[in-house]
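> I'll drop the sequence and a predicted model, then ask my questions.
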Amino acid sequence: GFIAEDDPEDTKKPRPPVVTVMGHVDHGKTSLLDALRATDVVAGEAGGITQHIGAYQVNLKSGEKITFLDTPGHAAFSAMRARGAQATDIVILVVAADDGVMPQTVEAIKHAKASGAPIIVAVNKMDKPDANPNKVLQDLLQHEIVVEQMSGDVQAIEVSALKKTGLDNLTEAITLQAELLELKANPDRPGDGVVVESQVEQGRGSVATVLVKRGTLKRGDIVVAGAQWGRVRALIDERGQQLKEIGPSQPAEILGLDGAPEPGELFAVVENEARAREIADYRQRQKRQAATGSGGGASLEQMMARLQQSEQQEIHVVIKADVQGSAEAIAQSLEKLGNEEVHARAIHAAPGGVNESDVMLAKASKAPVIAFNVRANKQARELAEAEGVEIRYYSIIYNVLDDIKAALEGMLSPEQRETFIGYAEILEVFNITKVGKVAGCRVTEGVVKRGSGVRLLRDDTVIHEGKLKTLKRFKDEVPEVRAGTECGMAFESYEDIQKGDLIECFEITEVERKL
Ligand code: GDP
């Protein structure tokens, strides 16, 4: 594929940490980010921040750097994870010292824990007369965040974003945590990474904020970002400065894409325009299919199929219920359902209606949402539809448990497995009137069968997946063709074929699973 294997250890160099700030509304996320940004030691020379950008780097006195992601809300955080981007290394959990742990603080903890990123607590608003940091730490204990002050391993730092106190301690805590994580990436390779945000602006075209995860992204590079592609016309930082290139953990706006990729989609440099177009076209088609077809959702059935592929024998669910008591009761009962091989776990169980944050958490964790005596709001319903997340409504606990039990047992029933049956190479492409393009092929391995699934590979990248329309030996339609034999093939509703393309044939078979 075009996102290659991980780089060898000796090619990697230390990279700055990427940090996301989360917390309850009004606890000071924005103020804290602004205050941290103002600590930048080189900001003075180049002028301040001139524009909003979804990610920026702060240069510390020590010479170290921290990259902050300024993504709006917890749902956005999990949306990025759901699309495959583990962009955040460290989560800063902001809790106002005069208010303590609130519902969205709890939500942020769930999202952070599900991502696996370590948490640093910023106890904010310490300047307030009614600040009570001890109560904050006590509250956090209830949610399994054990701070160092209580012999745990989570750093908690007292700050005031307003009075700008404690900020050095906070950045020190971040660099300390970053050291423990040993963050490294190879800078000497074509760049790839994640899209943080994007929009199409009048006069500038597509403007995408990207964050490089590894390698170097240069002006003039050809990139694919999600289902979009283009030549990087300009790289611009948060001060409006033009850059020639950016390396690991460095964010910038890029101009030149042919559209706006979605937050969390991955980007990568590719070798030429033809390749970029092929990959982007394929992804556009996949997206259209997903939009009209069944989607990539998380129903109990799909979840089981995924689990079997990943060999992770745990199914996850998000539970929302009318009262705390029923949420907990469901969570506890379902954890007792499994056996040694498979079990279920509630990654989030809370009272209240289903909101967008629940849906994105479910999406990121490949889980369905169980709604017990509650309903999803309109935004959550639309989001669930768009993201393919299943919301299951219940009013009897027994029915919830019954369904989960069936799902767990289903995990041991026949598994659908894809088997490769053969490969063929396109030797020549013929344009035949009334039939369209036909590939003259040689079967190089195994057998190619009429009716089997086929994938078209160009330079190891899938550019089409579908079915065979025809399989011919000379003039005759045949059921199968074996290795070493030449044949003619045409695909159902697909014609962009070239000499040198490889055709992979596969069959879906059911395999009996044994305990
Ligand atoms: P957000 O919703 O989490 O982004 O919170 P904001 O940064 O918008 O802050 C909410 C309110 O709290 C604003 O009125 C801020 O001025 C105030 N605030 C933020 N940090 C502090 C602080 O350290 N001390 C005090 N006294 N007020 C603060």
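Nice, thanks for sending it over.

> okay, CA-based contacts and neighbour counts for the rest of this
Will do.

> Output the below-cut-off pLDDT ranges for the stretch 201-350 of the chain.
Low-confidence segments of the stretch 201-350 of the chain, defined by pLDDT under 70, span residues 287-313, 339-341.

> let's see it at 50
By pLDDT under 50, the weakly predicted segments of the stretch 201-350 of the chain are 292-298, 307-311.

> Tell me how many other residues surround the closest residue to the ligand within it.
As assessed by C-alpha to the nearest ligand atom, the ligand sits closest to Glu238 within the stretch 201-350 of the chain, at 19.4 Å. Residues near Glu238, counting by other C-alpha atoms under 10 Å, number 20.

> likewise Glu265?
Glu265: 22 neighbours (other C-alpha under 10 Å).

> is it true that it touches Val195?
Yes: with contact defined as C-alpha atoms under 8 Å, Glu265 reaches Val195; the gap is 5.4 Å.

> secondary structure element for the one residue in the stretch 251-400 of the chain that gets nearest to the ligand?
When distances are taken as C-alpha to the nearest ligand atom, the stretch 251-400 of the chain approaches the ligand most closely through Ser357, which lies 16.0 Å from it. Secondary-structure element containing Ser357, defined by DSSP states H and E: helix 356-364.

> quick one: common contacting residues for Glu265 and Val195?
Among the neighbours of Glu265, those also in contact with Val195 (C-alpha atoms under 8 Å, 6 or more residues apart in numbering) are Ala225.

> any low-confidence regions in the protein?
Of all residues in the chain, those with pLDDT under 50 make up the ranges 1-4, 292-298, 307-311, 412-415, 512-515.

> What parts of this protein come near the ligand?
25-31, 124-125, 127-128, 160-162 (C-alpha under 6 Å from any ligand atom).

> Show me what the lengthiest strand in the chain pairs with in its sheet, parallel or antiparallel.
Secondary structure assigned by DSSP state E gives strand 415-432 as the longest strand of the chain. The strands that strand 415-432 pairs with in its sheet are strand 436-449 (antiparallel), strand 502-511 (antiparallel) (by DSSP bridges).

> how about it: buried residues?
By neighbour count on 16 or more other C-alpha atoms under 10 Å, the buried set for strand 415-432 is 415, 420-426, 428-429.

> just how off-centre is stretch 234-252 within its chain?
Between the centre of stretch 234-252 and the centre of its host chain there is 23 Å, according to C-alpha atoms, centre = their mean, to the nearest Å.

> buried stuff in it?
Within stretch 234-252, judged by 16+ other C-alpha under 10 Å, the buried ones are 234-240, 245-252.

> picking that back up, I'd like to know which elements the helix holding Ser357 is packed against.
Contacting helix 356-364 under the criterion 3 or more C-alpha pairs under 8 Å, 6 or more residues apart in numbering; DSSP states H and E are the following elements: helix 73-82, strand 314-321, strand 369-372, helix 378-387.

> change it to 10 Å
Applying 3 or more C-alpha pairs under 10 Å, 6 or more residues apart in numbering; DSSP states H and E, one finds that helix 356-364 contacts helix 73-82, helix 103-115, strand 314-321, strand 343-351, strand 369-372, helix 378-387.

> Give me the angle between it and helix 103-115.
Here the directions of helix 356-364 and helix 103-115 differ by 10 degrees (axes from the mean of the first three to the mean of the last three C-alpha atoms, to 10 degrees).

> now helix 356-364 against helix 73-82, angle please.
10 degrees.

> and helix 356-364, C-alpha only, in CSV?
This file holds the C-alpha atoms of helix 356-364, laid out as CSV (Å, rounded to 0.1, in the frame of the first residue of the first chain):
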residue,chain,number,x,y,z
GLU,A,356,-22.8,13.4,19.1
SER,A,357,-20.0,12.7,21.6
ASP,A,358,-21.5,9.3,22.3
VAL,A,359,-21.8,8.5,18.6
MET,A,360,-18.2,9.5,17.9
LEU,A,361,-16.9,7.5,20.9
ALA,A,362,-18.8,4.5,19.6
LYS,A,363,-17.5,5.0,16.1
ALA,A,364,-13.9,5.3,17.3
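
> give me every residue that touches the residue of the stretch 251-400 of the chain closest to the ligand.
Contacts here follow C-alpha atoms under 10 Å, 6 or more residues apart in numbering; on that basis Ser357 touches 73-79, 104, 107-108, 111, 363, 380, 383.

> Rebuild those residues as TSV, extending it with distance to Arg283.
Formatted as TSV, these follow (distance: C-alpha to C-alpha, whole Å):
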residue	distance to Arg283
Gly73	27
His74	27
Ala75	24
Ala76	22
Phe77	23
Ser78	22
Ala79	18
Gln104	35
Glu107	33
Ala108	32
His111	28
Lys363	20
Ala380	26
Leu383	21
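
> Tell me the most packed of those residues, by neighbour count.
For these, neighbours were counted using other C-alpha under 10 Å, and Phe77 has the most, 31 neighbours in all.

> where does Met102 fall, phi/psi-wise?
Here is the backbone geometry of Met102 (degrees, to the nearest 10): phi -120, psi 170.

> do the same with Asp34
Torsion angles at Asp34 (phi, psi; degrees, to the nearest 10) stand at phi -60, psi -40.

> Check Lys164 too.
With angles defined as degrees, to the nearest 10, Lys164 shows backbone torsions of phi 60, psi 50.

> Please name the nearest non-neighbouring residue to it.
Leaving out its chain neighbours, the residue that sits closest to Lys164 by C-alpha to C-alpha, 6 or more residues apart in numbering is Ala35, at 6.4 Å.
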